[in-house]
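In: give me a 3D structure for the following:
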Amino acid sequence: MNSEEIIEWTRKKMESTLSVLESELKGIRTGRASAGLVEHIKVSYYGTDTPLKQLATIAVPESQSIVIKPYDPSILKEIEKCILQSDLGLNPHNDGKSIRVNLPPLSEERRKKLASQAKELSESAKVSIRNIRRDANKHIDKEEEDSTLTEDDAEKARSKVQDITHSYEKKVGETVDKKTEEIMKF
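Out: Numbers count the residues shown, from 1 in each chain. Predicted structure coming up:
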C-alpha cells in the first residue's frame, strides 16, 4: 500500500465508524417519536432474530406515537413482547392488526441517563477512530521500513492520518452533542 492508499483506507474506516455511531444514536429516544427508535429491535421470527424493520412497516403518524404493522400478523405478540423487553421503557398496545406505541414524556432523570448513554457511544467511537489511526501508522511504518516510502513521505502521511483523526473525532463530538441537545429539549 502506498501512502495515498493508506490515507484513503483510514478515511473510509473512520467514515464507517461515524455511520455506525449515527445508526446507534437513532435507537436512543428523544422527546419525539421516530421509526429509528424501534426499527433495530430484534424479533424472533421462525427461530431467527430479525430486525423489526424487516418484518413490519413502521410509521410515525404523530409526534408522540409509532404504529407498527407487521407483514405477517401472526407475529404481533412476539413483536409486542420484544418491545416490552427492550430497554426503551415503552408500552405497546396491540389491536389485533397493528401495534401502537405511545411515547410518554421523558422525565429529567431519564433524559440525563439517555444523554449519558449517548456520551458512552461517542467514547466508544473515538476509541475505534484512534485504533484505526494506530493501524494506519503501523502500515506507514512498515512501508517506510520496506523502503517503499521515504522518511519525509512517511512523516507527511502520519501527519495526514493525524489530521483525519482530529477531523473525525470532531465529527463524533458534534454528532453526539446534537443528539444530547435533542434528548435534553423539553
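In: is the residue nearest the centre of the chain in a helix, a strand, or coil?
Out: Nearest to the geometric centre of the chain sits E24, at 2.1 Å (C-alpha atoms, centre = their mean). Going by DSSP: H, G, I helix; E, B strand; the rest coil, the secondary structure assigned to E24 is helix.
In: and it, how far is that from R158?
Out: 30 Å (C-beta to C-beta, to the nearest Å). All C-beta spots, glycine's among them, are computed from the backbone N, C-alpha and C.
In: low pLDDT regions in this structure?
Out: Low-confidence segments of the chain, defined by pLDDT under 70: 186.
In: tell me the domain ranges of it?
Out: Listed by automatic domain parsing, the domain ranges of the chain are 3-26+107-184, 36-102.
In: gap between the two ends of the first one?
Out: This points to domain 3-26+107-184. End-to-end distance of domain 3-26+107-184 (C-alpha to C-alpha, to the nearest Å): 43 Å.
In: counting contacts, what elements does the longest helix along the chain pack onto?
Out: Ordering each helix of the chain by length in residues (DSSP state H) puts helix 108-145 first. Under the contact criterion of 3 or more C-beta pairs under 8 Å, 6 or more residues apart in numbering; DSSP states H and E, helix 108-145 touches helix 3-26, helix 151-184.
In: can you give me the buried ones in stretch 168-176?
Out: Y168, E169, K171, V172, T175, V176 (16 or more other C-beta atoms under 10 Å).
In: ignore what I typed, I meant stretch 81-92.
Out: Within stretch 81-92, the residues that qualify as buried are C82, I83, S86, L88, L90, P92, counting by 16+ other C-beta under 10 Å.
In: confirm the first one sits in a helix?
Out: Yes - using three-state DSSP, the secondary structure at C82 is a helix.
In: phi and psi next, for the nearest residue to it once chain neighbours are set aside.
Out: Take C82 and drop its neighbours on the chain: the residue closest to it by C-beta to C-beta, 6 or more residues apart in numbering is V43, 4.9 Å away. Backbone geometry at V43, expressed as degrees, to the nearest 10, gives phi -120, psi 130.
In: centroid-wise, who is the farthest residue in this structure?
Out: Computed with C-alpha atoms, centre = their mean, the residue of the chain farthest from its C-alpha average is S147, at 39.7 Å.
In: report the secondary structure element holding that residue.
Out: In this assignment (DSSP states H and E), S147 forms part of neither any helix nor any strand.
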